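Generate coordinates for the sequence data below:
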Amino acid sequence: MRILILGAAAGGGFPQWNANNENCRRARDGDPNTPAQTQSSIAVSVDGATWCLCNASPDLRQQLEANRPLQPRPDDRVRASPIGAVVLTNADIDHIAGLLNLRESQAFSLHATSRVLETLGANSVFNVLNPAFVTRREINLDTPFAPLPGIHITAFAVPGKVALYLEDTSRKDFGTTSGDTVGLEIRDDASGDKFFYIPGCAEMTAPLAARLRDAPLVLFDGTLYADDEMIRAGEGVKTGSRMGHMSMSGPMGSITAFEGLNVKRRMFIHLNNTNPVLNLNSPERAAVQISGWEVAMDGLEILL
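Model prediction:
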């Protein structure tokens, strides 16, 4: 199974268009130790010919141009694409806006929970995905489905938060309904190899820990290094937990939460522009690596 990291950054990408922190200034100046990253998405294939996208970021067109396996082959028809399916983990802008790049009457299947499909259905702009070519299929939680031959995916609820633009400000808990945010277990039918893709998670629960125990690979929410990072940076008023994301560090952070789970390979993805780990020379990056974690970067390919 081949896994392409199309984008490693969180919403807004890195550098974010209106962010002027040190990280973003370094990236704009072309600092090789602070490379730019596009918004979070991956692609998966078992044969290298047909691919499944997991989330469709606003940067999708740029990502397709940067990844030759996702482009039409020279001997293809005049209109062709190796993309055969798209699976969504939630309705965040940074995970659905890229669907608009996939118009032009190209056939593929689109998989999401009923909550996410309802959100797409309520916004007529997504009707540019011609229903004569794009089939929308509901994901049932904890039930394997095959977006492409040779791949089975199981979606499972993870603690999270409804997308920002869907929040009901009259509520005080801003809780989520099952199906607002999901993680994906992706399995190669032939080899039995599997990995987990969880770009958004607010808490490590006992059921989630049990599911991930002994996994060969987990791509996990790396939005913030510290829970109050954006507040201290002067770039926001919310903690990471308020936004539905675990931080990397701290007693309630993901590094601590994964201790004892025996996950063979742990990789952070979906990094916010304020995260010091984006700087390859930062002490926070070193601390993450010492703890046994890797950090996803655009263009990385993983073979299972």
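
can you tell me the helix or strand for residue 137?
Taking DSSP states H and E as the criterion, residue 137 maps to strand 134-138.

Pull out the buried residues from that strand.
Neighbour counts over strand 134-138 (16 or more other CB atoms under 10 Å) mark residue 134 as buried. For the C-beta atoms, the positions are set from N, CA and C on the backbone; glycine is no exception.

Give the next helix or strand downstream of it.
By DSSP H and E, the next helix or strand past strand 134-138 is strand 145-148.

And that following strand, what does it pack against?
Counting by 3 or more CB pairs under 8 Å, 6 or more residues apart in numbering; DSSP states H and E, the packing neighbours recorded for strand 145-148 are strand 51-54, strand 83-87, strand 108-112, strand 151-157.

now the ones you listed as JSON lines including distance to residue 182, mean pLDDT and mean neighbour count?
Below are the helices and strands packed on strand 145-148 laid out as JSON lines (distance: least, CB to CB, whole Å; pLDDT from 0 to 100; neighbours: other CB atoms under 10 Å):
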{"stretch": "strand 51-54", "distance to residue 182": "11", "mean pLDDT": "98", "mean neighbour count": "25"}
{"stretch": "strand 83-87", "distance to residue 182": "9", "mean pLDDT": "98", "mean neighbour count": "23"}
{"stretch": "strand 108-112", "distance to residue 182": "9", "mean pLDDT": "98", "mean neighbour count": "22"}
{"stretch": "strand 151-157", "distance to residue 182": "4", "mean pLDDT": "97", "mean neighbour count": "20"}
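
Now tabulate these in JSON lines and tack on distance to residue 258.
Shown next, in JSON lines, are those (distance: least, CB to CB, whole Å):
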{"stretch": "strand 51-54", "distance to residue 258": "21"}
{"stretch": "strand 83-87", "distance to residue 258": "24"}
{"stretch": "strand 108-112", "distance to residue 258": "27"}
{"stretch": "strand 151-157", "distance to residue 258": "17"}
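
Can you pull out the low-pLDDT segments for the stretch 201-304 of the chain?
230-231, 233-234, 236-243 (pLDDT under 70).

Let's see that with 90 instead.
Scanning the stretch 201-304 of the chain with the threshold set as pLDDT under 90 gives 226-245.

And the helices in it, which stretches?
Counting by DSSP state H, counting those that start in this stretch, one finds helices in the stretch 201-304 of the chain at the ranges 206-212, 229-232, 254-257, 283-290.

chain center to the last one: distance?
Taking CA atoms, centre = their mean, to the nearest Å, one finds the center of helix 283-290 at 22 Å from the center of the full chain.

Okay, buried residues for it please.
Going by neighbour count (16+ other CB under 10 Å), the buried part of helix 283-290 is 284-285, 287-288.

export it as CSV, just CAs?
Included here for helix 283-290 are C-alpha records, laid out as CSV according to Å, rounded to 0.1, in the frame of the first residue of the first chain:
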residue,chain,number,x,y,z
PRO,A,283,13.8,22.5,20.5
GLU,A,284,10.1,21.5,20.3
ARG,A,285,10.9,19.6,17.0
ALA,A,286,13.8,17.8,18.8
ALA,A,287,11.6,17.0,21.7
VAL,A,288,9.0,15.4,19.4
GLN,A,289,11.6,13.3,17.7
ILE,A,290,13.2,12.2,20.9
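
Counting by contacts, list what it packs against.
If contacts are counted by 3+ CB pairs under 8 Å, 6+ apart, helix 283-290 sits against strand 293-295.

List the neighbouring strands of the strand it packs on plus their orientation.
Note on strand 293-295: by DSSP bridges, its sheet partners are strand 266-269 (parallel).

Just the residues contacting the partner strand, thanks.
Contact with strand 266-269 is made by 5, 8, 40, 42, 197, 199, 217-222, 248, 254, 258, 277, 288, 292-296, as judged by CB atoms under 8 Å, 6 or more residues apart in numbering.
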